[in-house]
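Asks: Return a 3D structure for these sequence lines:
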Amino acid sequence: MADALDDTSVDVTPTRNLRSRTAPVSTQLKNSVPKVGKGIGKGERGWSTEEKDQLISILDNDGFDGDFANLAAKFPSQSLDSLRHLLTYYEEKKEASKGEETLNTIIEKMRGMEVDLSEDLPLYFQLQSSLGTHPKPSQVEGIDYPAIYNHVASCMREEIPKKLHPATRAELS
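Replies: Numbering: from 1, shown residues only. Take a look at the predicted model:
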């Protein structure tokens, strides 16, 4: 008797649904949606090259109005699920290639761009003179670094720069 209790190979899976106790667990409900796999089920075969070409021709010439049943009627050897899967696959592939084309176009445009920072450089020097961190002139033998940045910005804008302190002018030259 102890051996019967220790036996772990006994299958204890219920043979009936525990909630309703009427139907076996494996019974599928009447209105349930069948699983849609890769489009090839029992007794079905894959799409031939001729069928794919015919489908593409129909889609190019007639377009697609969303009626899968009407379109599937033109392919008697294929199931409706197989047609849906194939169209979904082609749509995803088409969207992915559009994204790649857009990205490649943007990359090519950026490669050919010429960057001209000449208008921004005077602004950069002006901002460095007012917002940059510089030592005080008394700490660096009287050299005024903000004045140097201002002087360079004025020269780049072709303006007459302010006169500089002799120590600063000596550092600049």
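
Asks: Enumerate the positions of stretch 64-84 that are buried.
Replies: Of all the residues in stretch 64-84, those buried under the rule 16 or more other CB atoms under 10 Å are L71, A72, F75, Q78, S79, D81, S82, L83. The way it works is simple: take the backbone N, C-alpha and C, and place the C-beta from them, glycine included.

Asks: Now do the helices in the protein.
Replies: Applying DSSP state H to the chain gives helices spanning 2-6, 49-62, 68-72, 80-112, 120-131, 145-156, 166-172.

Asks: Check which helices and strands the fourth one sits against.
Replies: Under the contact criterion of 3 or more CB pairs under 8 Å, 6 or more residues apart in numbering; DSSP states H and E, helix 80-112 touches helix 49-62, helix 68-72.

Asks: Pipe these into TSV and attach mean pLDDT and distance to Y145 per row.
Replies: Formatted as TSV, these follow (pLDDT from 0 to 100; distance: least, CB to CB, whole Å):
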stretch	mean pLDDT	distance to Y145
helix 49-62	84	69
helix 68-72	84	74
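
Asks: want to throw the ones you listed into CSV with distance to M110?
Replies: Converted to CSV, the helices and strands packed on helix 80-112 look like this (distance: least, CB to CB, whole Å):
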stretch, distance to M110
helix 49-62, 34
helix 68-72, 42
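
Asks: Can you tell me which of these is most buried?
Replies: Most buried of those by mean neighbour count (mean count of other CB atoms under 10 Å) is helix 68-72; its value is a mean of 14.

Asks: Hmm, I160 is touching H151, no?
Replies: No. Judged on CB atoms under 8 Å, I160 makes no contact with H151 at a distance of 10.6 Å.

Asks: more neighbours, these two?
Replies: Neighbours per residue (other CB atoms under 10 Å) separate I160 from H151, with H151 holding more: 20 against 7.

Asks: Hmm, the more buried one is touching H165, no?
Replies: No. Counting by CB under 8 Å, H151 does not reach H165; the two are 10.9 Å apart.

Asks: correct me, but W47 touches Y89?
Replies: No. If you go by CB under 8 Å, W47 and Y89 don't touch, sitting 10.1 Å apart.

Asks: measure R169 to E100 for me?
Replies: Separation of R169 from E100 (CB to CB, to the nearest Å) stands at 58 Å.
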